[in-house]
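Undergrad: coordinates only, sequence not included:
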């Protein structure tokens, strides 16, 4: 393969590059890969994530409605019958 083309972009990126692309930490990307939420390929000892899978993940996470989240980024459940803490 001729790597002299400056326009050529890799189809798959490293965990670190995927983290930069998503704007999260590399630990978050590893967690997404381990949980199966983010498809990946293992090439030797390295993990690669396709750019189209990163875009698909972002699209799946995109919401048109605001939903409250707790301090860990998880969606909160409606608390209509939750007793008050004393």
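TA: Ah, there it is. Because the structure is predicted, anything quoted here is derived from the model rather than measured.
Undergrad: look up how far residue 41 lies from residue 62.
TA: Computed with C-beta to C-beta, to the nearest Å, the distance linking residue 62 and residue 41 is 24 Å. Every C-beta, even on glycine, is put in place using the N, C-alpha and C of the backbone.
Undergrad: same check, this time on residue 13
TA: Taken as C-beta to C-beta, the span from residue 13 to residue 41 is 11 Å.
Undergrad: between these two, which one's more packed in?
TA: residue 13 (19 against 12; other C-beta atoms under 10 Å).
Undergrad: work out for me the element the nearest residue to that one once chain neighbours are set aside sits within.
TA: Counting by C-beta to C-beta, 6 or more residues apart in numbering, residue 13 lies nearest to residue 49, which is 5.9 Å off, once chain neighbours are set aside. Using DSSP states H and E, residue 49 sits in strand 46-50.
Undergrad: hey, what's in contact with both of residue 13 and residue 41?
TA: 48-49 (C-beta atoms under 8 Å, 6 or more residues apart in numbering).
Undergrad: quick one, strands of this protein?
TA: For the chain, the strands defined by DSSP state E cover 12-13, 41-43, 46-50.
Undergrad: residues touching stretch 21-30, excluding its own?
TA: Taking C-beta under 8 Å, 6+ apart as the rule, stretch 21-30 contacts 13, 15-16, 18-19, 38, 47, 49, 51, 54, 57-58.
Undergrad: among these, who's most crowded?
TA: Highest count within the contacts of stretch 21-30 by other C-beta under 10 Å belongs to residue 18, 27 neighbours.
Undergrad: contacting residues for the nearest residue to it once chain neighbours are set aside?
TA: Leaving out its chain neighbours, the residue that sits closest to residue 18 by C-beta to C-beta, 6+ apart is residue 49, at 4.5 Å. By C-beta under 8 Å, 6+ apart, residue 49 lies in contact with 12-15, 18, 29, 33, 38-41.
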